[in-house]
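K.L.:
Prediction below, plus the sequence it came from.
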Amino acid sequence: MTHPISKIDFSLTPRIFKLAIPVIATAQMDNVVGIATLYMVGKLGPSAISTVGISWQIIVVIMVTMMAITTGTFALVAQAIGAGSARDASAITKQAITLMSILSVGISLFGIVATPTMLTFLSVPPDVADLAKPYLEVFFASLILIALTYTQMTCFYAAGNTRTPLYIILITNVITIIASYGFIFGVWGLPTLGVVGSAYGMIVGRVLSVAFFFWALYSGRFAITLLPDTSYRLNRDLAGRILKIGIPAGLQGLFRNGSGLIFLKFVALTTASTAALAAFSIGNQVERVVRRTSLSFGTVATTLVGQSIGAKDPDEAERRGWTTLVISILSLALMGLPVIFFAYPTMALFTDASDVIAIGVLYLYAIALSEPFMCAATTAGGGLQGAGDTVPALVYTLVSQWLIRLPAAYILAFPLGYDTTGLWIALVIFSALQGILTARKFLKGEWKTRRI
């Protein structure tokens, strides 16, 4: 087995960052919306902060099932573009839109019905549950808009176009923040809806983003174009190819974020429940900033590896994958430094409650230490996905998060009495394990001969 250092080519750095920077910026645009929302509802008190944080955790668990479609779509579109087949890319994109529409409607119905049960299961305090229920109901009712946005965005990324999604999301997220402010506080003649107002603001932005993306896909101006001789009609063979790749990724996301929900329940069971949940909600926004940077590098790895595989050049795919992996880890290690140095002022920006700040600062330290490892897992996993090999990441998620993270978190927090500090220690342990296992799998190179 060739040493991985020999597979690293830093001459690829400009191309990697040319793809990565717009993806990172697009992802952070969503985080800006999240942070702005948290800041606005923070004026309504700790319960409102906890409501948004807990709701987003539930939302993420439900939405990751959509990875069963977006991951398969990403790999197939990237390979079609690499092979120079615009028609195949169009057919796959339309099929993905149809599949996602069907899936999102089913998830919406499930989410609306299951919301009270999920809040009870998570041991959410009654004052928070009363606010979270209407917020989640509005979100689930509009889920198809978010589903279509991410499907459309995925196809642009697979085609190597990362700038167009950035421009669309930038415009629509500015509108989302403005609309959310109006609905939360009841200005400009809008009703005063409090926390649930942010969900209505999101609907406004997503309606516009779906419309803009459809215009771009039909315009014929980009590498990915929806052609008239391809159909939205469900195609068993093509749908099967998408789902064969995507279902393991969807299960991985479900298990990963399902683990996050159990972890959230542990937070709710700690000594200072409301303060811990508020600290987790604020810290989780910071984690989303760094995590989405990691995910952006994973997107780049999927694009570069997938297109190389489509062009029948597995050695180039390996070179691109390893270089992206190294650059991403170094980037996230540097990104962790300001998280550590500015941990206290970051928490104080959102709340003046001393107990919330104290718990949250330690959480931010744990995020900074764990994220380079999670970035390794995400980027190496992205490379594997580009080749259509999505099962290993699922296995490593089960091992590191369910067999290591949750038992370690519970033991450290409760029997050993470390409370929230024990939860943060467990976060670092499982991240290191998952990163090492996934990078090791990519190193073996078995994915280079995989056929999809």
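P.N.:
Everything's here; your move.

K.L.:
Tell me where the model's unsure across the stretch 351-452 of the chain.
P.N.:
Under the criterion pLDDT under 70, the flagged ranges of the stretch 351-452 of the chain are 450-452.

K.L.:
Equivalent analysis for the chain, please.
P.N.:
1-6, 38, 41-47, 49-54, 56-63, 122, 124, 450-452.

K.L.:
report the longest helix in it, please.
P.N.:
helix 273-310 (DSSP state H).

K.L.:
buried ones in that helix?
P.N.:
273-310 (16 or more other C-beta atoms under 10 Å). From N, CA and C alone the C-beta is placed, and that goes for glycine too.

K.L.:
ok, Pro116 - contacts?
P.N.:
Going by C-beta atoms under 8 Å, 6 or more residues apart in numbering, Pro116 touches Lys133.

K.L.:
does it belong to a helix or a strand, and which?
P.N.:
Here Pro116, judged by DSSP states H and E, is contained in helix 86-121.

K.L.:
Taking helix 273-310 as reference, get the angle to that helix.
P.N.:
Taking axes from the mean of the first three to the mean of the last three C-alpha atoms, to 10 degrees, helix 86-121 and helix 273-310 form an angle of 160 degrees between their directions.

K.L.:
For whichever helix or strand comes after helix 86-121, list every residue counted as buried.
P.N.:
Note on helix 86-121: by DSSP H and E, the next helix or strand toward the C-terminus is helix 126-141. By neighbour count, with 16+ other C-beta under 10 Å as the criterion, the buried positions of helix 126-141 are 128-129, 131-140.

K.L.:
Now flag whichever of these is closest to Lys18.
P.N.:
Taking C-beta to C-beta as the measure, Lys18 sits nearest to Phe139 out of these, at 34.2 Å.

K.L.:
Isn't that closest one up against Met202?
P.N.:
Yes. With contact defined as C-beta atoms under 8 Å, Phe139 reaches Met202; the gap is 7.4 Å.

K.L.:
ok, the residue nearest to the spatial centre of the chain to Gln285 distance?
P.N.:
The C-alpha lying nearest the average C-alpha coordinate of the chain belongs to Arg292 (C-alpha atoms, centre = their mean; 6.1 Å). Distance from Arg292 to Gln285, counting by C-beta to C-beta, to the nearest Å: 11 Å.

K.L.:
which residue ranges form the helices in the stretch 101-250 of the chain?
P.N.:
126-141, 143-158, 163-185, 195-219, 236-268 (DSSP state H, counting those that start in this stretch).

K.L.:
which of those helices is buried the deepest?
P.N.:
helix 143-158 (a mean of 24; mean count of other C-beta atoms under 10 Å).

K.L.:
Quick one: work out the angle between that one and helix 273-310.
P.N.:
Going by the same axes, to 10 degrees, helix 143-158 makes 40 degrees with helix 273-310.

K.L.:
Can you tell me which helices and strands helix 143-158 packs against?
P.N.:
Judged by 3 or more C-beta pairs under 8 Å, 6 or more residues apart in numbering; DSSP states H and E, helix 143-158 is in contact with helix 46-63, helix 67-82, helix 86-121, helix 163-185, helix 195-219, helix 273-310.

K.L.:
how about the nearest residue to Trp402 once chain neighbours are set aside, what does it touch?
P.N.:
What sits nearest to Trp402 in space, not counting adjacent residues and going by C-beta to C-beta, 6 or more residues apart in numbering, is Ser259, at 5.8 Å. Under the criterion of C-beta under 8 Å, 6+ apart, the neighbours of Ser259 are 397, 401-402, 405-406.

K.L.:
and the gap between Ser259 and Leu295?
P.N.:
Ser259 is 17 Å from Leu295, by C-beta to C-beta.

K.L.:
for Tyr150, same thing?
P.N.:
For Tyr150, the distance to Leu295 (C-beta to C-beta) stands at 12 Å.

K.L.:
Give the residues shared as contacts by Arg292 and Gln285.
P.N.:
The contact lists of Arg292 and Gln285 share Asn31, where a contact means C-beta under 8 Å, 6+ apart.

K.L.:
next one: phi and psi at Thr192?
P.N.:
When quoted as degrees, to the nearest 10, the phi and psi of Thr192 stand at phi -80, psi 110.

K.L.:
no, scratch that, I was asking about Leu416
P.N.:
According to degrees, to the nearest 10, Leu416 has phi -90, psi -10.

K.L.:
so it touches Gly422, yeah?
P.N.:
Yes. Contact criterion C-beta under 8 Å: Leu416 and Gly422 qualify, at 6.3 Å.

K.L.:
the more surrounded of these two?
P.N.:
Gly422 (21 against 10; other C-beta atoms under 10 Å).

K.L.:
Leaving aside the residues adjacent along the chain, what's closest to the more buried one?
P.N.:
Nearest to Gly422 is Leu412, by C-beta to C-beta, 6+ apart, at 2.8 Å.

K.L.:
about what we covered before: can you tell me which of the buried residues of helix 126-141 lies nearest to Met347?
P.N.:
Val128 (19.2 Å).

K.L.:
Touching, Arg87 and Pro228? I think so.
P.N.:
No. Contact between Arg87 and Pro228 fails when scored by C-beta under 8 Å: they sit 10.6 Å apart.

K.L.:
What separation do you get for Val399 and Leu406?
P.N.:
Applying C-beta to C-beta, the value for Val399 to Leu406 is 12 Å.

K.L.:
out of these two, which sits in the busier spot?
P.N.:
A count of neighbours by other C-beta under 10 Å puts Leu406 above the other of Val399 and Leu406, at 19 against 15.

K.L.:
about what we covered before: which other helices and strands contact the longest helix of the chain?
P.N.:
Counting contacts by 3+ C-beta pairs under 8 Å, 6+ apart, helix 273-310 is packed against helix 13-42, helix 46-63, helix 67-82, helix 143-158, helix 236-268, helix 314-341, helix 343-350, helix 354-386.

K.L.:
JSON lines please, covering the ones you listed and showing distance to Ser104.
P.N.:
Converted to JSON lines, the helices and strands packed on helix 273-310 look like this (distance: least, C-beta to C-beta, whole Å):
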{"stretch": "helix 13-42", "distance to Ser104": "18"}
{"stretch": "helix 46-63", "distance to Ser104": "9"}
{"stretch": "helix 67-82", "distance to Ser104": "9"}
{"stretch": "helix 143-158", "distance to Ser104": "4"}
{"stretch": "helix 236-268", "distance to Ser104": "13"}
{"stretch": "helix 314-341", "distance to Ser104": "30"}
{"stretch": "helix 343-350", "distance to Ser104": "31"}
{"stretch": "helix 354-386", "distance to Ser104": "21"}
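
K.L.:
Go through those and name the closest to Ile171.
P.N.:
Closest to Ile171 of these, according to C-beta to C-beta: helix 13-42, at 9.6 Å.
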